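Asker: the following comprises the amino acid sequence and a computationally predicted model.
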Amino acid sequence: FFRGTMADTLCIVVFGASGDLAKKKVYPALYELHASKLLPASAIICGYARSKKTDESFRKGIRGYLKGDPLEVEKFLARCYYRVGQYHVAEHLENALRSLRDVPGILSNGRENRVFYMAIPPSRFHVVGKIVKQAGMSKTGWNRVVVEKPFGKDTESCRELSEGLKHLFREDQLYRIDHYLGKPGVKAIADLIQKNPFLSGTLSGDRVESVLINWEEDIGTEGRGGYFDQFGIIRDIAQNHLMQILTLFAMDTP
């Protein structure tokens, strides 16, 4: 993702930074990149959301989700900033990015790359995509837009979402992901089955009667009520996370 550009300035904007997905998945993943020295030295991370927070209150809110050396965690948090803004107002995003110009190192050279990570419901992808296109794109480096599943709630909304994003960004600028596929346990399934001659020969339609996947969770909606009211737990979990696990068990080696 950052290959060949480690000397450039990088700004990662996380939309929905005050939400559940950002604090539990996105920021811990970014911390791992930081701790592994896989982020450019001048990289900064700008959380963007409607909730009123300061830089310090935001850092305090995500600190407990970052696992690692305390000194390294503090170094990572020093990279993290927070800006309040509406998702449909381009001027708010423009002001947020302008305010980061005073951060030491952000303009270490003339080239600045930007990543826009949408940790928000898909119903807001197109609205946020518009303000990114209008006021967020770097003019001196590359731009990347990352959208999280689910991509709509049915075939029609998925097509509408895809068409909307396609008119805003080039295909090489768009990254559609499911964070669940990055879990070590899930990633290990493919290696376990497809690189193990014994298992790959045994797991076939002739010898397996059924595959049972259990999903156990000991938490409630925890602030995600609005999201689940609109999309539901089936769309959030079954049609992507669990179906992809089944696919990894069932498919042949690509």
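Answerer: Received, thanks.
Asker: quick one: Lys60 and Ala78, what's the gap?
Answerer: 13 Å (CB to CB, to the nearest Å). The way it works is simple: take the backbone N, C-alpha and C, and place the C-beta from them, glycine included.
Asker: over to Tyr27?
Answerer: According to CB to CB, Tyr27 and Ala78 sit 14 Å apart.
Asker: who's more crowded, these two?
Answerer: The neighbour comparison of Tyr27 against Ala78 (other CB atoms under 10 Å) goes to Tyr27, with 26 against 12.
Asker: which strand or helix spans that one?
Answerer: helix 27-35 (DSSP states H and E).
Asker: helices or strands up against the helix or strand that that helix is followed by?
Answerer: Next in sequence after helix 27-35, counting helices and strands by DSSP H and E, comes strand 44-49. Applying 3 or more CB pairs under 8 Å, 6 or more residues apart in numbering; DSSP states H and E, one finds that strand 44-49 contacts strand 9-15, strand 80-84, helix 90-99.
Asker: what residues of the last one count as buried?
Answerer: Within helix 90-99, the residues that qualify as buried by neighbour count (16 or more other CB atoms under 10 Å) are 90, 92-93, 96-97.
Asker: what's the closest of those to Val146?
Answerer: Nearest to Val146 out of the buried residues of helix 90-99 is Leu93 (CB to CB; 15.9 Å).
Asker: and the helices and strands packed on strand 44-49 as TSV, adding distance to Leu66 and mean pLDDT?
Answerer: Formatted as TSV, these follow (distance: least, CB to CB, whole Å; pLDDT from 0 to 100):
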stretch	distance to Leu66	mean pLDDT
strand 9-15	14	94
strand 80-84	10	97
helix 90-99	23	95
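Asker: so which of these gets nearest Lys187?
Answerer: strand 9-15 (22.5 Å).
Asker: partner strands of the closest one and their direction?
Answerer: Sheet pairing for strand 9-15, assigned by DSSP bridges, gives strand 44-49 (parallel), strand 112-118 (parallel).
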